[in-house]
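[1] With the sequence up front, the predicted model follows.
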Amino acid sequence: MERTALCHCGSLRVIVSGEPDRVYVCHCAACQRRTGAIMHSGAAYLKNQVRVEGASKVYARNAESGYEIRFHFCPNCGSNVYWEGDRFPDEYGIAVGSFADPEFAPPTYSVYEGSMHHWVRLPSGLNHFPKGRPLASR
């Protein structure tokens with residue numbers, strides 16, 4: 001299976017093959033500010049499953065975990081489509097919303113629930129973490 005994630009204007013695209021390693025939601029304040037939404041939904045793919053087309057700019061910062069993370073966004077419309085980081089150097093994270101696919105796999109875990117809006121209700125069966133997910137539970 002092949003899927004394409006696009007920025008808002010369509011000039012930055014990420015084409016993935018196969019299924020993601022994991023899908024999750026994050027409620028941290030940094031993701032809320034980055035996305036402008038109350039939570040972020042991401043999918044992790046091995047880099048060898050991903051092809052990037054189009055120009056991007058990069059914003060890098062240190063995550064709460066202490067690892068650097070680099071967000072790739074469209075220089076035309078500003079949409080953040082994918083990221084990579086030192087914690088999982090063989091993976092790209094891709095914004096699930098950039099696929100605009102209502103059939104996309106649901107999340108299996110939720111992180112930084114200490115920052116979750118009190119009125120949010122998540123599907124049953126998720127693993128819940130008040131902060132980040134431990135490395136062992138990858």
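    That came through, no problem. Residues are numbered from 1 along each chain as shown.
[2] Residue 127 against residue 109, yeah?
    Yes - Residue 127 is within contact range of residue 109, at 4.0 Å (criterion: CB atoms under 8 Å). The way it works is simple: take the backbone N, C-alpha and C, and place the C-beta from them, glycine included.
[3] how about the helices in the protein?
    29-35 (DSSP state H).
[4] Neighbour count: residue 127 and residue 109, which is higher?
    residue 109 (17 against 12; other CB atoms under 10 Å).
[5] any idea how far that one is from residue 61?
    From residue 109 across to residue 61, the span is 22 Å (CB to CB, to the nearest Å).
[6] ditto for residue 10
    Applying CB to CB to residue 10 and residue 61 gives a distance of 27 Å.
[7] need the contact list for the residue nearest the centre of the chain.
    Nearest to the mean C-alpha position of the chain, counting by CA atoms, centre = their mean, stands residue 42 at 2.8 Å. By CB atoms under 8 Å, 6 or more residues apart in numbering, residue 42 lies in contact with 23-26, 93-96.
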